[in-house]
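Enquirer: What shape does this take:
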Amino acid sequence: MLLDTLEPVLKQHTFLIYLEPRHVETLVGCAGNRRFEPGEYLCREGEPADLFFLLRAGQVALEFRVPQRGPLRVETLGEGDVLGWSWLVAPHHWHFDARAVTPVRALALDGKCLRRKCEEDHELGYQLLKRFASLIERRLEATRLQLLDTYGAKT
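Expert: You can find the predicted model right below:
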C-alpha cells in the first residue's frame, strides 16, 4: 500500500477517531503497513520500543515471562486495538512480549518520528497522550485481573 493511501486507514482506526485531520496527516509520515505470521513476535520484552501498532486484523497475545512457569498471557488483542506505549516513555523498552496468534495486519508507527513531531506540535502530543493514558489504564486493569486469576487467594 502506498504512503498516501494510509491516511483513510488511519482515520478509520478506532484509536484515532476524532483526531483532527491535520494530526492524522502528520501521523501518515510516521506510518507503514506490517504483516506478521502466527508465532512471529511483534515485540519482545526488554528490547528497544521504537514502534507502536494499530491492529487492523488478526490476534496478538500480550504476554510476560514468569520464572518456572513460562509465558503468561495477559490479554489477547485484535482488530481495532493498539499495541505499545513504551515508545512514549523513557527508556523506551518493551515491557511485554507480543506474539501473533493468527495472521496479523497492522499499521506500525515510528516512535522516534512521533516523539519529534509531538515536540514540534504540542497539541498533537497532548491528543496522543490522552489516548495512550486511557489505553494504559485499560491494560493495567487487564493485567491486574489476570494476576488475580492466576495468583489469587485459594479457598
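
Enquirer: helices or strands next to the host helix or strand of His23 in the packing?
Expert: Element membership for His23 (DSSP states H and E) is helix 21-28. The contact analysis (3 or more C-beta pairs under 8 Å, 6 or more residues apart in numbering; DSSP states H and E) places helix 21-28 against helix 6-12, helix 122-151. C-betas here are computed from N, CA, C, even on glycine.

Enquirer: please redo it, this time with the cut-off set to 6 Å
Expert: helix 6-12 (3 or more C-beta pairs under 6 Å, 6 or more residues apart in numbering; DSSP states H and E).

Enquirer: From the chain's centroid, how far away is the helix it packs on?
Expert: Offset of helix 6-12 from its chain centre (C-alpha atoms, centre = their mean, to the nearest Å): 16 Å.

Enquirer: Same question for stretch 136-144.
Expert: Using C-alpha atoms, centre = their mean, the offset of stretch 136-144 from its chain centre is 13 Å.

Enquirer: Stretch 14-23 now?
Expert: That offset, for stretch 14-23, works out to 16 Å (C-alpha atoms, centre = their mean).

Enquirer: List the buried residues of it.
Expert: Phe15, Leu16, Leu19, His23 (16 or more other C-beta atoms under 10 Å).

Enquirer: ditto for stretch 101-117
Expert: For stretch 101-117, using 16+ other C-beta under 10 Å, the buried residues are Val101, Val104, Ala106, Leu107, Ala108, Leu109, Asp110, Gly111, Cys113, Leu114, Arg115, Lys117.

Enquirer: So which of the residues you listed sit within helices?
Expert: Those of the buried residues of stretch 101-117 mapping onto helices are Gly111, Cys113, Leu114, Arg115, Lys117, per DSSP state H.

Enquirer: Kindly provide the distance from the fourth one to Leu55.
Expert: What it means is Arg115. 21 Å (C-beta to C-beta, to the nearest Å).

Enquirer: now do the first one
Expert: Going from Gly111 to Leu55 by C-beta to C-beta gives 16 Å.
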